[in-house]
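Participant: need a structure here:
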Amino acid sequence: MMTKQVYKYSLLLSLFMVCSSLIHAQHHMMRFGLKGGGQYNVAQYEKLVPNKVGFAGSVGMDCVFYMSTPADSASTSIDLGVRLGVNIGYQNAKYNLGFSDHYTTRDYLDNIIDYTTSGECQVKCNQVTAEVPLMFALRAKGVIFDIGPMFRVAVHRSGQQSFVDPMVVAYYPAYGVEVPNEIITGVLAEEQMVQPISLTKPKARFDIYVGTEIGYEWNQMVGVLGYFHVGCWNNMRTEYDSPIIQVTPPAHISEEVSTVATANVYEIVASNSIPLEFGVKVYYAFNLGKKELSIYNMNLEEV
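Facilitator: Have a look, this model is predicted:
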């Protein structure tokens, strides 16, 4: 509940700043930029093991609306405002999930079977995204500082999940027999070792990030920024509440093998990870115009 309130008030504050800046803006800048860096996914629970850094980058266009404070020259003024834009990005996310699940079932002879399934699943996901930043902007003596939320939707997604050393161990308590990785009791088939990630659930992925960018701008034209973005919410709410490898024993004597099904691991790891993005952005800016407020003109006339 508290998190929802924070999101709501942050959005209202951002909208207020946008409206205020658009009304009182004096400097209108358009910036064309290119970002390049990495993405690392921080596990939110203990079953996710350390991940690898993937690539993340984007190309985009921003409009910055600045309100200036009075100053003797442009080099000493402080510009405050908002930044709106559209970025088209690409992310190569990488996840690792180590798992060990225990569950009990029965076969057609009513024998109790205690299953232990374990291993590691590596997930690679490539996605193309569209992003809208809504950020507070500051410019002072060439220093650029932007901070605020970014709204991102995945317009295309592909990838695969790969199982490494999976184990399916069936234990029969009544006989004290343990059967590992056998067709009759369950084993991953070759085609299940590497699978494309499912795109049917959920629908489009939607993320909210909070980011900050800081750097320097030369002659109000060319800028170089370092950026850091943190994902704070996405619409993929999948709990890890069922086995990653699920075995269903034969239901009839005519059936010779157990049925083995695997979970959509991408949904699990994406739901339970916090994405961090970092890198460098370069841009070229155009000045779209300057509007002097009447109070400043009055002061100049008096002088």
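Participant: can we go C-alpha only for contacts and neighbour counts from here?
Facilitator: OK.
Participant: And the average pLDDT for stretch 253-272 is what?
Facilitator: Taken as a whole, stretch 253-272 has a mean pLDDT of 87.
Participant: Show residues contacting it.
Facilitator: Identification of contacts with stretch 253-272 by CA atoms under 8 Å, 6 or more residues apart in numbering yields 43-45, 48, 95-97, 108, 121, 123, 161, 183-188, 192, 197-198, 201-202, 234, 236-240, 243-250.
Participant: Could you pull out the helices in the chain for me?
Facilitator: All helices of the chain, identified by DSSP state H, fall at 2-24, 190-193, 265-271, 294-302.
Participant: Show the contacting residues for residue 275.
Facilitator: Taking CA under 8 Å, 6+ apart, one finds 39-42, 230-231 in contact with residue 275.
Participant: how far away is the residue lying closest to it once chain neighbours are set aside from residue 165?
Facilitator: Among residues not flanking residue 275 along the chain, residue 41 sits closest, at 4.4 Å (CA to CA, 6 or more residues apart in numbering). For residue 41, the distance to residue 165 equals 23 Å [CA to CA, to the nearest Å].
Participant: More neighbours: those two, which one.
Facilitator: residue 41 (25 against 10; other CA atoms under 10 Å).
Participant: isn't the more buried one right next to residue 92, touching?
Facilitator: No. Contact between residue 41 and residue 92 fails when scored by CA atoms under 8 Å: they sit 11.0 Å apart.
Participant: okay, and the common contacts of these two?
Facilitator: What both residue 41 and residue 92 touch, as defined by CA under 8 Å, 6+ apart, is an empty set.
Participant: Quick one: neighbours of residue 255, just the number.
Facilitator: Neighbours of residue 255 (other CA under 10 Å): 12.
Participant: mind checking how far it is from residue 107?
Facilitator: 11 Å.
Participant: again, but for residue 143
Facilitator: Counting by CA to CA, the gap from residue 143 to residue 107 is 70 Å.
Participant: With residue 172 instead?
Facilitator: Applying CA to CA to residue 172 and residue 107 gives a distance of 10 Å.
Participant: One more: residue 83?
Facilitator: For residue 83, the distance to residue 107 - CA to CA - is 62 Å.
Participant: ditto for residue 54
Facilitator: Counting by CA to CA - residue 54 and residue 107 are separated by 44 Å.
Participant: what about these two, which has more around it?
Facilitator: residue 54 (19 against 16).
Participant: Let me see the contact set for the more buried one.
Facilitator: By CA under 8 Å, 6+ apart, residue 54 lies in contact with 38-40, 91-94.
Participant: can you give me the strands in the stretch 1-150 of the chain?
Facilitator: Ranges of strands within the stretch 1-150 of the chain are 27-43, 54-68, 78-106, 112-140, 143-172, based on DSSP state E, counting those that start in this stretch.
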